[in-house]
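[1] Here's my sequence, what's the structure:
(2 chains)
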Amino acid sequence: MTAYTERLAAGPRARGIGSRIAASFLYTLGLPMLLLVVWGLVATRSTSRFFPGPLTIFDAFVQTWVGPAFVEDVLPSLYRLGLGITASIVVGIAAGTVIGLVQWLRELLEPLLEFFRAIPPPVLIPVVMLLLGITDTMKVVVIVSGAIWPILLNTIEGVRATDSVMKETADSFQITWWERLWFLVLPAASPRIMAGVRQGLSVALILMVISEMFASSAGLGYRIAYFQRNYLIAEMWSGILLLGLVGVFLAVVFGLVERRVLRWYHGIREVNRA
Amino acid sequence: MPDRSVLLRVEKLRKVYESATGNVEAIGDVSFTMNAGELVCIVGPSGCGKTTLLKCLAGLLRPTSGVVEMDGSPVTGPSPAMAVVFQEYGRSLYPWLTVRGNVELPLRHKKLSRAERDKLVTDALEAVGLGHAARSHPWQLSGGMQQRVAIARAVAYQPEVLIMDEPFAAVDAQTRADLEDLVRELHRSRGISVLFVTHDIDESVYLGQRVLVLSKSPTWVQEDLVVDLPPERDQITTRALPRFTELRTHVYDQIQRAKRGQAAAPQAAR
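    Residues are numbered from 1 along each chain as shown, chains lettered A, B, ... in the order given. Have a look, this model is predicted:
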């Protein structure tokens, strides 16, 4: 009897780690694999030249992006994207903190900000192009003009909503301005800020592509548009695939940073749920 | 009490909240003094402006009129001579900092060496019995332990007076008794002056050397009562003393009178 219960107790644990890894692997990659298989099957039967099979696309992917194109097209795109995201985060948080802290400034600016946020950023591309020419700066400005809004508005809201007792605590201990900013205002706003950054990232990726499709002689967006116009269908699909991978990469990096920055926040939620 | 010098002097303190719907007089005319090294409790009926009074004393609110003096100089804003322990420990501790980080934060702008600062923090945490939890985050601790962290933070700040705003209102009865003894112990061993605001009559008599009974709002000091219980107090024996019962009954009566508004207001104020 004892042996039996022991086996029962040990059984699931012994299988636990291996099966858990296998299960998580299945959950993450199972559906994509299945879709790939379905896609391959459909593509072999289809006569449409617009939907090549996954193997053809994979082939085109290697042919197109591994080699000089990586340096000529992918890296400049990623560079502009990185610059745009960094600028959006830095400016968005800095301006959002100032606006969130100063009440009259907030009341003055809020209607205006809502207006600017409502303008779809792609329509700004011709305007920015006139002002800055077809340059890297123009593309970065376009990215920032769209990606900054969720970060800015979330930061304002997060800073404004700093808990009153926490503020009184800082007052009563005469915490200095910088300490207050660094140890109270920004951490308190960080869940909102991170939510804004998450939205900003996807907007930035979209605008990177669009700005390059409009006016560029290199870059991912330019290449995809070029392939499309020249009926290089498999190459076009491989570009879209690459864009998706860039998006996944951004999400993974963001996830790692978020877990680090908001460890306390997730910790509290876990405690409250228990 | 070897030192009988006046630490805190409050004179004719008045606070009126102004709003569009009309002015509300929260504090009418509060005057009292507190000596260095004293443990004074303030009790009053609920809604009598205890928290308002305390914020005025701590320099967090500007009184409409009247004077608060600390060591002879007027209090116009938060002062390094005072540390406040708030009732809402969950909102007063910063969840993104560790216990140690929370206690250390107010010391950062004091001109202390790293070693001195570390020593103050460690010492304060040990004084409240949380030496082992320094690396935890506040939300990993129970409510009573969190309030201990807030007390440690105030103690490490080395104030002359510790101002406590209903600090134990949100913890369970057993934890509360432990925390009361902790406050008495800190007061006795470190000679910190404590101003303890509470709505709990038994707590005020058990803790205080003096109890100030407040009237209902607009507030004035209805009675300034000396608690003539022995300085060595104990949750069981002290609370069983006949004198304890007399005092608590007396304070209870005063509070009932305060609620009904029967006590006569000081003539000077009217």
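
[2] Please list all residues in contact with residue B:90.
    B:138, B:139, B:143, B:146 (Cβ atoms under 8 Å, 6 or more residues apart in numbering or on different chains). C-beta here means a position set from N, CA and C on the backbone, and glycine is covered the same way.

[3] Which entry within those residues corresponds to the minimum pLDDT?
    pLDDT across these is at its lowest for residue B:143, which sits at 89.

[4] Regarding the closest residue to it other than its chain neighbours, what are the backbone dihedral angles?
    Leaving out its chain neighbours, the residue that sits closest to residue B:143 by Cβ to Cβ, 6 or more residues apart in numbering or on different chains is residue B:171, at 4.9 Å. Dihedral angles of residue B:171 (phi, psi; degrees, to the nearest 10) stand at phi -110, psi 160.

[5] tell me, how many neighbours does residue B:171 end up with?
    Each residue near residue B:171 was counted by other Cβ atoms under 10 Å in any protein chain shown, and the total is 19.

[6] what does residue B:54 give?
    Using other Cβ under 10 Å: residue B:54 sits among 21 other residues.

[7] Residue B:214 now?
    24.

[8] picking that back up, what residues are up against the residue nearest to residue B:143?
    Here residue B:171 is in contact with B:143, B:144, B:147, B:179 (Cβ under 8 Å, 6+ apart).

[9] Which members of those come out as buried by neighbour count?
    B:144, B:147, B:179 (16 or more other Cβ atoms under 10 Å in any protein chain shown).

[10] now, which of those lie close to chain A?
    Near chain A, taking Cβ under 8 Å from any Cβ of the partner chain as the test, no member of the buried ones among the contacts of residue B:171 is found.

[11] Pick out whichever of the residues you listed sits closest to chain A.
    Chain A lies nearest to residue B:147 out of these, by Cβ to the nearest Cβ, at 13.3 Å.

[12] Secondary structure element for the closest one, which one?
    helix B:143-156 (DSSP states H and E).

[13] What is that helix packed up against?
    strand B:82-85, helix B:89-92, helix B:99-104, helix B:114-127, helix B:173-190 (3 or more Cβ pairs under 8 Å, 6 or more residues apart in numbering or on different chains; DSSP states H and E).

[14] let's go with 10 Å and repeat that
    Where contact means 3 or more Cβ pairs under 10 Å, 6 or more residues apart in numbering or on different chains; DSSP states H and E, helix B:143-156 is packed against helix A:164-172, strand B:82-85, helix B:89-92, helix B:99-104, helix B:114-127, strand B:161-165, helix B:173-190.

[15] Wait, a helix at residue B:10?
    No: using DSSP: H, G, I helix; E, B strand; the rest coil, the assignment for residue B:10 is strand, not a helix.

[16] For it, list each beta-bridge partner.
    residue B:32, residue B:68 (DSSP bridges).

[17] Verify the contact between it and residue B:74 for me.
    No: the pair residue B:10 / residue B:74 is not scored as a contact, 11.0 Å apart, by Cβ atoms under 10 Å.

[18] Comparing those two, which residue is more hemmed in?
    residue B:10 (22 against 10).

[19] Next, the contact list for that one, please.
    B:30-34, B:53, B:56-57, B:63, B:66-70, B:75, B:212, B:221 (Cβ atoms under 10 Å, 6 or more residues apart in numbering or on different chains).

[20] what does chain A put close to chain B?
    Chain A comes close to chain B at residues A:163-176, A:178-180, A:182-184, A:186-188, A:190, A:261-265, A:267-272, as judged by Cβ under 10 Å from any Cβ of the partner chain.

[21] ok, 8 Å please
    So chain A meets chain B at A:163-166, A:168-169, A:171-176, A:179, A:183-184, A:187-188, A:190, A:264-265, A:267-268, A:271 (Cβ under 8 Å from any Cβ).
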